[in-house]
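**Q** Would you be able to build a 3D model of this:
(8 chains, ligands or ions: 12)
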Protein chains: 8
Amino acid sequence: MTDDLATYAHLDRDRTRRRGYPEAVYCAHKTAEQVAGIAAALRDSADGVTLFTRAGDEHARAILATLPGAFHDPAAGLLAWPPRPPRPTGERVVVVAAGTSDLPVAREAALTAQYLGRTTDLIVDVGVAGLHRILGHVDTLRRARAVVVVAGMDGALPGVVAGLIAAPVIAVPTSVGYGAAFEGLAALLTMLNACAPGVAVVNIDNGYGAGHLAAQITAP
Amino acid sequence: MTDDLATYAHLDRDRTRRRGYPEAVYCAHKTAEQVAGIAAALRDSADGVTLFTRAGDEHARAILATLPGAFHDPAAGLLAWPPRPPRPTGERVVVVAAGTSDLPVAREAALTAQYLGRTTDLIVDVGVAGLHRILGHVDTLRRARAVVVVAGMDGALPGVVAGLIAAPVIAVPTSVGYGAAFEGLAALLTMLNACAPGVAVVNIDNGYGAGHLAAQITAP
Amino acid sequence: MTDDLATYAHLDRDRTRRRGYPEAVYCAHKTAEQVAGIAAALRDSADGVTLFTRAGDEHARAILATLPGAFHDPAAGLLAWPPRPPRPTGERVVVVAAGTSDLPVAREAALTAQYLGRTTDLIVDVGVAGLHRILGHVDTLRRARAVVVVAGMDGALPGVVAGLIAAPVIAVPTSVGYGAAFEGLAALLTMLNACAPGVAVVNIDNGYGAGHLAAQITAP
Amino acid sequence: MTDDLATYAHLDRDRTRRRGYPEAVYCAHKTAEQVAGIAAALRDSADGVTLFTRAGDEHARAILATLPGAFHDPAAGLLAWPPRPPRPTGERVVVVAAGTSDLPVAREAALTAQYLGRTTDLIVDVGVAGLHRILGHVDTLRRARAVVVVAGMDGALPGVVAGLIAAPVIAVPTSVGYGAAFEGLAALLTMLNACAPGVAVVNIDNGYGAGHLAAQITAP
Amino acid sequence: MTDDLATYAHLDRDRTRRRGYPEAVYCAHKTAEQVAGIAAALRDSADGVTLFTRAGDEHARAILATLPGAFHDPAAGLLAWPPRPPRPTGERVVVVAAGTSDLPVAREAALTAQYLGRTTDLIVDVGVAGLHRILGHVDTLRRARAVVVVAGMDGALPGVVAGLIAAPVIAVPTSVGYGAAFEGLAALLTMLNACAPGVAVVNIDNGYGAGHLAAQITAP
Amino acid sequence: MTDDLATYAHLDRDRTRRRGYPEAVYCAHKTAEQVAGIAAALRDSADGVTLFTRAGDEHARAILATLPGAFHDPAAGLLAWPPRPPRPTGERVVVVAAGTSDLPVAREAALTAQYLGRTTDLIVDVGVAGLHRILGHVDTLRRARAVVVVAGMDGALPGVVAGLIAAPVIAVPTSVGYGAAFEGLAALLTMLNACAPGVAVVNIDNGYGAGHLAAQITAP
Amino acid sequence: MTDDLATYAHLDRDRTRRRGYPEAVYCAHKTAEQVAGIAAALRDSADGVTLFTRAGDEHARAILATLPGAFHDPAAGLLAWPPRPPRPTGERVVVVAAGTSDLPVAREAALTAQYLGRTTDLIVDVGVAGLHRILGHVDTLRRARAVVVVAGMDGALPGVVAGLIAAPVIAVPTSVGYGAAFEGLAALLTMLNACAPGVAVVNIDNGYGAGHLAAQITAP
Amino acid sequence: MTDDLATYAHLDRDRTRRRGYPEAVYCAHKTAEQVAGIAAALRDSADGVTLFTRAGDEHARAILATLPGAFHDPAAGLLAWPPRPPRPTGERVVVVAAGTSDLPVAREAALTAQYLGRTTDLIVDVGVAGLHRILGHVDTLRRARAVVVVAGMDGALPGVVAGLIAAPVIAVPTSVGYGAAFEGLAALLTMLNACAPGVAVVNIDNGYGAGHLAAQITAP
Ligand SMILES: Nc1ncnc2c1ncn2[C@@H]1O[C@H](COP(=O)(O)O)[C@@H](O)[C@H]1O
Ligand SMILES: Nc1ncnc2c1ncn2[C@@H]1O[C@H](COP(=O)(O)O)[C@@H](O)[C@H]1O
Ligand SMILES: Nc1ncnc2c1ncn2[C@@H]1O[C@H](COP(=O)(O)O)[C@@H](O)[C@H]1O
Ligand SMILES: Nc1ncnc2c1ncn2[C@@H]1O[C@H](COP(=O)(O)O)[C@@H](O)[C@H]1O
Ligand SMILES: [Mg+2]
Ligand SMILES: [Mg+2]
Ligand SMILES: [Mg+2]
Ligand SMILES: [Mg+2]
Ligand SMILES: [Mg+2]
Ligand SMILES: [Mg+2]
Ligand SMILES: [Mg+2]
Ligand SMILES: [Mg+2]
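**A** Ligands and ions are numbered 1, 2, ... in the order given. Okay, the predicted model is just below:
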């Protein structure tokens, strides 16, 4: 494969005009060389912030070599260029992680919303096994215009949160759990069947998608 | 097929000795004639109460013709002979139905526990979309030595109940719901992945099994 | 079962205070008697509009007997009381149906948003097999603050719509199709994996949930 | 991520008061640093024994560095602090492993029940392919107030055990097997469909959950 | 569609020469007219007995009109022409039904083996919930050269039988059960994972296939 | 719903220009009124033949009332207007049905190819259980430029055919079978995994799609 | 874990008496120490040959250290002690591998039958994509009293073989393939739905089970 | 295992005569030694080009040692001998990759078609999230007689392409994606349910099969 960008990528440079947000680069199934080539092509684009998602160590090294000083959160597998998020506009996003183990995905969501221009809060480890924890945060939750709830295992938290507030809930199932959690399938089904209306679901572990949607809902 | 019992059934008449509870008759895949034949064979057995589960209209008619005056709850598909439950012993069972639609299964559970000798309470329509409802019953829940929680759709209630009490929770997923509820599969997976320990699960819509287990746990 | 409401339902009368929208009544797994009992209890409630969802013919008759003059859309299985939607506030919702067959679910979504107080548009039969159809509606789509896209079979339309606009897309898979459509599962998975960010998914055939979420996103 | 506990964990310190048993720490999807931070926070808690479940080698090292002398069973992936189980109360728990390969999960169950205050027996390698083996243990089984049965592959043992005794059976499917065992799914389904009533099921490989439930059932 | 046989069927008249047994007619997805046409074509064939499997009422009427006096077992959905089974040769087949509900499939297996020329015994309702029942039949089981075991729900019986005898076991899962029995899938998986070697499995409810295979194994 | 076409359908009148073949009308999830409305709108269109697929009795009656004299094959659920297929052009299509039960789907495929302008042959009941049957048709198969193979149950025939000829094979799984056929899923998977290259698969029971594709491959 | 055998294994020393064949040792989920302990316990048993199945490198080393000179086939993961198979009795077993890739499982089957006392033939790489290959072996196939057919991907070969011969066919699906082969699930379903009667199926990759069953069928 | 070819492979040397294209060697589940042995056997065959598919590094080394100078595309896992494709005949094939990540599979398809004698074009990264990209290639697409469309995640592109052109579309789902992409299952289902007729599907990641089929369709 040559290193000529056109042989492997056709960037959607029109996306900010159409949608208000630029294309992000999904790294997971690309080679480090491809990601570096895309990073180089985007370096001088004036089209707002570019996010690199699901970047492994090798991807990150290649991106940082091309865009020195880029923001990098290794746990979330996220890089951003330019490294500084825009000044926040619109309304507030709150991101909730049911357990400690859901934190990487929750951070991916919160950082995405932040880099797309929103103010975000992060609440951690407030799963339904100890209800008083989430109940202690109802005031914060009610200050949000959109709430992202990230949960693995039984995935029960988004429905409980939705039942407490007026704002829309974006539910993110995670692959946290084992056995009949089936890599996030159990949580996904739970969320799709949440008894409280006002819950919509994104792909398993898709913090990026949740943060993007929250930014759209809360846009000015 | 002849109507000679031995050609189609081999009753487990030893079960009460081994287990303390007699065999129940599962009607769903049997003909009305077979069920009537079994009912006749059990008529004069002194082996405690016999339950007929998952009985449709035709089954019920055949049983009532053989055992006039038998107890019959059509919604739960349950018959019992002799019709009167034994005087209660052991500790208290509480059965909780998340929604109105889960009531037939919840009644099957409560009646089973009652006919196996327990005192039972039934709490209805207290799903997690309106948390204050289940929170208003914590005192009743804490008086039980075993709690059966019946829920369809997201199946989130058993984990929430387990997080509030010391007693074991028997979770019963129901086939209530549509789409990605997959006839109770979603609720089943949720319950198997409940974050709060102390939850065990029986088959979808298996109120009989849950009531039986609750009776065993609370036996004197 | 007695006809005493408390034996089968515990209405969440607090929901409008907590969430801004009252509880809807899911009819599908309830008896007509139960639904009528709930309708009677809600008759004189001043708590905004009550929706009855997934109502079959028998449910509808029982509700209309209790609430004469209630609004009824048989195709969508929806009833509303009082029959007149509130005067619209907030921003505009657009509902898109990929095919003629998706219309009942799309109508459920549009009517729900309307009864929760929004202005809604409905665009029908613009699936991706003839792209010029949806492309001819881009201006209408861009006037919405939230777009609901309803599709069965391949479920490809929501991702295509999301790629064209700035507003959030709520995707509703339908059970339209056959064979490997697996009653909506194929469309559901497509939507969860939409390449364009900005898509969140509700349960298969869940027009109510989509309309509710759209109303929340576009609330004043 | 900083090492400040509040950024990643919100311990449920109220759990012993509510439930009688403290929260366990699920290690599998946490970093060693997070687990060590939680271990440090719990060190001086007077709230009974803390269990660390599904701990890999790195987790174990981090915990032992923080809590020197903690109990550690590497096969079961379990640590306990303080290292000595409480003096037993309540009734007896018997744990049965169908095969040698199910031993790690069976040990997790037995140790959990022991650390939550029960006397436990462990019976190993008595699967249904050689029935005389389990039949030779009926007396021991009948001395228990709760029996945990751990089995992979066909998962047939719990139903057979339940048919022999009066006590409740907690069935634990394991991921032992290959091919159509589907990582424990086959055993799980078998157990949910056990013909003998009196069987409830926990998640695949969830020895912790089974031991916890057994402790609750047999509590004084 | 015309009634000319060649437009819808191409009978495998060579099968007895190649295999020793003639082709059977699977009725389930054929029209009554097609089945009658095939019956007429086979009427005068000298090629041993023809079996018609999975025949509904309409199929049976059409076959009996064409082949008056044909053998018909409505429960098993089986017809045979000529009506009298051949004089038995080879070794003995024993068919075991775990429950009363499995009887139609067990009869289909036993009748098939009989019409293909074997002596068969049928043992009914000896599931593992009451082990003494199957243990009381070990002598009969040991007299067989092939044993067919038919079971629904947990499907545990074939593995238990295989552990007791030297002969091969053909396991037939049935669709008896509900919920997580998934129309026989649970029993199928159990049987594929039977811990005792010597078990092979046929399709769910496939009594015909099991009886055929048993006849082949026990052929002279 | 009004009977104004625009409220429920947006016909893709441009399709023949873009693709060479007009849009067909999928009837299965539409009301008879909607189908009749579409039929009326297409009556005077000069855009070649219109096919109505998956039409039930009610649909057929409504179409025939609107388009008297339309072609109708009830077994295949297919109608065509105008009733006479175009004069054939292009190369030959051969359609093969593995069993008699697969005939309705095979006819749907053959008729579709014919109405889109091709010469078609139909070979029936030549499944792999009697290999000599398909081997006897190799010459006919080799005369085709595209072969459609329709099979249920094990779905093995398309791979066998592909191994014998140079032309592409379009495989159509059918829902014929029971138990682990899972409504055509087994056949679908078999076909996707065919060892002989040169097989592509369409949806279960999708005779229309297969016939359409065959017409495209063999177009002049 | 101590190295005392009774803490981890309860050998079924009675099995040869009951079944005619001794228990084999499944190594896959056991530690090398456990396998070595079992090997030592069986060293001096006079109970015929012991097979060790699914042995990895570490298992093999531990067994060979305990039983020097044991037979070892690394590709099949099989060891046998004593190393020499018994003198053959009974009738002939033929094992067929559809592709080269299925050879390890086919060898496991053939060696198992051989160590249980049968004469076996092995035919390799005769899949249905080139039918002349299997057709060239019909004479050998007809000399067998039991045929084992091992196939991955589409799993079509067993049904084709069964259609050609009178002997029973034991089908072994393998995990060979990719994508929609789903680790052998596609082949498994194909085989369960084989159109030719006379096919029974064992677990995916279960060469041991197939060889055992073949030995039972062909026993003297 | 000896290195004698006949013990592990039976090459289908007749395939070019029957089908027009020689057998390819699937390397994935074979040992490097087996692949080398097959390569040696084919070295001097005059039967057109031999392709080696799904070759890992070790396979490639073994093939190149046997056939020095063979063509090798490591990303596609493909080798060809002799290294030079034949002079193109027939009509044009266009291969489309939805994303950069789908490129390896797309290259496998394009190279296969090329080595079987066709002219091919490759279009990359034109997924539906930015529709203008594929719309900009309609002219190229319309020049093809067969179009291969390769896509992961939502798999929506093939249906969109089919709606734009007259030529048949061969859809290749890829395992690109995560979570509910289920290793390509989501894309596979989408493609099977494509709303535009004229789409047929091959196995997940099966670029070889798609290229082969495209070559057959476009053969002279
Ligand atoms: N092995 C285990 N399986 C299932 N749940 C567990 C396990 N170990 C601990 N837990 C529970 O998981 C929760 C901790 O999750 P987290 O907040 O991620 O630490 C607590 O409620 C524990 O009781
Ligand atoms: N509703 C039920 N669900 C599950 N098992 C049941 C039910 N009712 C009865 N049983 C059990 O099913 C067995 C009877 O099955 P059968 O032999 O088919 O009559 C007995 O062991 C009963 O304990
Ligand atoms: N990548 C591939 N995917 C599917 N089938 C293939 C592939 N490569 C080769 N084949 C076919 O697989 C068969 C070879 O299988 P085997 O006998 O195991 O070598 C031949 O019929 C090939 O045409
Ligand atoms: N983490 C993510 N999850 C889902 N989609 C993403 C993610 N990151 C980027 N994308 C989208 O994936 C597409 C890029 O895929 P590709 O064409 O393979 O490079 C773009 O449209 C992105 O907006
Ligand atoms: Mg926690
Ligand atoms: Mg309610
Ligand atoms: Mg349309
Ligand atoms: Mg053992
Ligand atoms: Mg019974
Ligand atoms: Mg036939
Ligand atoms: Mg080969
Ligand atoms: Mg891209």
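**Q** Next, the buried residues of the lowest-mean-pLDDT helix or strand in chain A.
**A** Lowest by mean pLDDT, DSSP states H and E among the helices and strands of chain A is helix A:15-19, with a mean of 92. Buried positions in helix A:15-19, judged by neighbour count with 16 or more other CB atoms under 10 Å in any protein chain shown: A:15-16, A:18-19. For every residue, glycine as well, the C-beta is placed using N, CA and C.
**Q** Mind checking what helix or strand follows that helix in sequence?
**A** For helix A:15-19, the succeeding helix or strand toward the C-terminus, using DSSP states H and E, is strand A:25-26.
**Q** Next secondary structure element downstream of that next one?
**A** helix A:32-42.
**Q** ok, and what's touching that next one?
**A** A:3, A:5, A:8-9, A:11, A:25, A:27, A:30, A:50, A:52, A:55, A:58-59, A:61-63, A:65-67, A:81, H:100 (CB atoms under 8 Å, 6 or more residues apart in numbering or on different chains).
**Q** Which helix or strand lies directly C-terminal to it?
**A** Downstream of helix A:32-42, the next assigned helix or strand under DSSP H and E is strand A:50-53.
**Q** Which pLDDT value belongs to the residue of chain A found nearest chain F?
**A** At 18.0 Å from chain F, A:Leu185 is the closest residue in chain A, using CB to the nearest CB. pLDDT for A:Leu185: 98.
**Q** Mark out where each domain of chain A begins and ends.
**A** Domain segmentation of chain A under automatic domain parsing yields A:5-81, A:93-217.
**Q** Pick the most buried one from those.
**A** Neighbour counts (mean count of other CB atoms under 10 Å in any protein chain shown) averaged over each of the domains of chain A peak at domain A:93-217, with a mean of 26.
**Q** just the angle between the longest helix belonging to chain A and helix D:32-42, please?
**A** Assignment by DSSP state H gives helix A:103-115 as the longest helix of chain A. Put simply, helix A:103-115 runs at 110 degrees to helix D:32-42, going by axes from the mean of the first three to the mean of the last three CA atoms, to 10 degrees.
**Q** Quick check on A:Arg145: phi, psi?
**A** Dihedral pair for A:Arg145: phi -90, psi -20, per degrees, to the nearest 10.
**Q** Excluding chain neighbours, what is closest to it?
**A** Nearest non-adjacent residue to A:Arg145, counting by CB to CB, 6 or more residues apart in numbering or on different chains: A:Glu91, 3.6 Å away.
**Q** Format the CA atom coordinates belonging to the longest helix of chain A as CSV.
**A** Provided in CSV are the C-alpha atoms of helix A:103-115 (Å, rounded to 0.1, in the frame of the first residue of the first chain):
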residue,chain,number,x,y,z
LEU,A,103,-15.0,5.1,33.7
PRO,A,104,-13.0,4.9,30.4
VAL,A,105,-16.2,5.0,28.4
ALA,A,106,-17.6,7.8,30.5
ARG,A,107,-14.5,9.8,30.0
GLU,A,108,-14.7,9.3,26.3
ALA,A,109,-18.2,10.7,26.4
ALA,A,110,-17.4,13.6,28.6
LEU,A,111,-14.3,14.6,26.6
THR,A,112,-16.1,14.4,23.3
ALA,A,113,-18.9,16.7,24.5
GLN,A,114,-16.3,19.0,25.9
TYR,A,115,-14.3,19.1,22.6
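**Q** Report all helices and strands that it contacts.
**A** Using 3 or more CB pairs under 8 Å, 6 or more residues apart in numbering or on different chains; DSSP states H and E, the elements in contact with helix A:103-115 are strand A:50-53, strand A:71-73, strand A:78-81, strand A:93-97, strand A:120-124, strand A:146-151, strand A:169-173, helix A:207-217.
**Q** out of these, which comes closest to E:Ala219?
**A** strand A:169-173 (54.6 Å; CB to CB).
**Q** tell me what the helix or strand just after the closest one is packed against?
**A** Next helix or strand after strand A:169-173 toward the C-terminus (DSSP H and E): helix A:185-192. Here helix A:185-192 touches helix A:157-162, strand A:169-173, strand A:199-201, helix B:185-192, going by 3+ CB pairs under 8 Å, 6+ apart.
**Q** and ligand 12, which of these is closest to it?
**A** Within the helices and strands packed on helix A:185-192, the stretch nearest ligand 12 is strand A:169-173; the backing value is 22.6 Å (CB to the ion).
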